[in-house]
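1. Build me a model from this:
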Amino acid sequence: MDGSGKGFMLMDVRQEKIKKEYQIYVKRKMPKSNLIRDCIMAFFIGGLICTIGQFINNVAKTFFQLNIEEASAFTSIILIFLGALLTGMGVYDDIGKYGGAGSVVPITGFANSIVSPAMEFKREGYVFGVGAKLFSIAGPVLIYGISTSVLVGLIYFFIK
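-> This is a model prediction of the structure:
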């Protein structure tokens, strides 16, 4: 090298060319997404999950004579259980494949986000595998959600 920096500039040009070639390669290999179909499927799958939740809520109020708060808690518990059970059986992955965000948004998606990493690391044991990885995906969501709700509550308290 002559100290003029041409060697580094030549290296940057090569790296840029490699990056562009890789981006072209990725675009060719990436499966084409049908955005309209994906949105419709997310709407229907999410709606179906919510309809099942409403059915459970109605059953809790009608047959078990629970009040609104108790029926809501009962519904949440049942939906979380069903989400965890279907994840454990490998069915929720198929639902997510077709439903996309429609399967992630309801409370069953929360159950799936907790059970999936725990199952993946089960072979490492119950403490260092399941216990350590249980909240690896849902943990940050809980932390930021709770922190944000406290912050908004404090702002609301001071404004009012």
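2. Do a quick rundown of the helices in the chain.
-> Under the criterion DSSP state H, the chain contains helices at 6-29, 35-62, 68-88, 91-99, 101-104, 107-120, 132-133, 138-159.
3. Let me know how buried Lys61 is, in neighbour terms.
-> Other residues near Lys61 come to 17 when the count uses other CB atoms under 10 Å. (C-beta placed from N, C-alpha, C; glycine too.)
4. surely it meets Phe74?
-> No: Lys61 lies out of contact with Phe74 (CB atoms under 8 Å); the separation is 9.1 Å.
5. Using CSV, please lay out the helices of the chain together with distance to Tyr126 and mean pLDDT.
-> Below are the helices of the chain laid out as CSV (distance: least, CB to CB, whole Å; pLDDT from 0 to 100):
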stretch, distance to Tyr126, mean pLDDT
helix 6-29, 39, 79
helix 35-62, 30, 95
helix 68-88, 15, 94
helix 91-99, 22, 91
helix 101-104, 27, 89
helix 107-120, 9, 82
helix 132-133, 10, 71
helix 138-159, 18, 88
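6. Next, name the residue at the spatial heart of the chain.
-> Geometric centre of the chain, nearest residue: Val104, 5.0 Å, by CA atoms, centre = their mean.
7. next one: phi and psi at Phe121?
-> Phe121 adopts backbone torsions of phi -100, psi 20, taken as degrees, to the nearest 10.
8. Apart from its chain neighbours, what residue comes closest to Ile107?
-> Once flanking residues are discounted, Ile107 sits nearest to Leu79: 4.9 Å by CB to CB, 6 or more residues apart in numbering.
9. pLDDT score assigned to Lys160?
-> At Lys160, the predicted lDDT confidence score is 86.
10. now Ala101: how far from Arg37?
-> Counting by CB to CB, to the nearest Å, the gap from Ala101 to Arg37 is 13 Å.
11. Residue ranges of each domain in this protein, please.
-> Following automatic domain parsing, the chain resolves into domains at 1-30, 36-159.
12. Comparing those domains, which comes out most buried?
-> Of the domains of the chain, the one with the most neighbours on average (mean count of other CB atoms under 10 Å) is domain 36-159, at a mean of 15.
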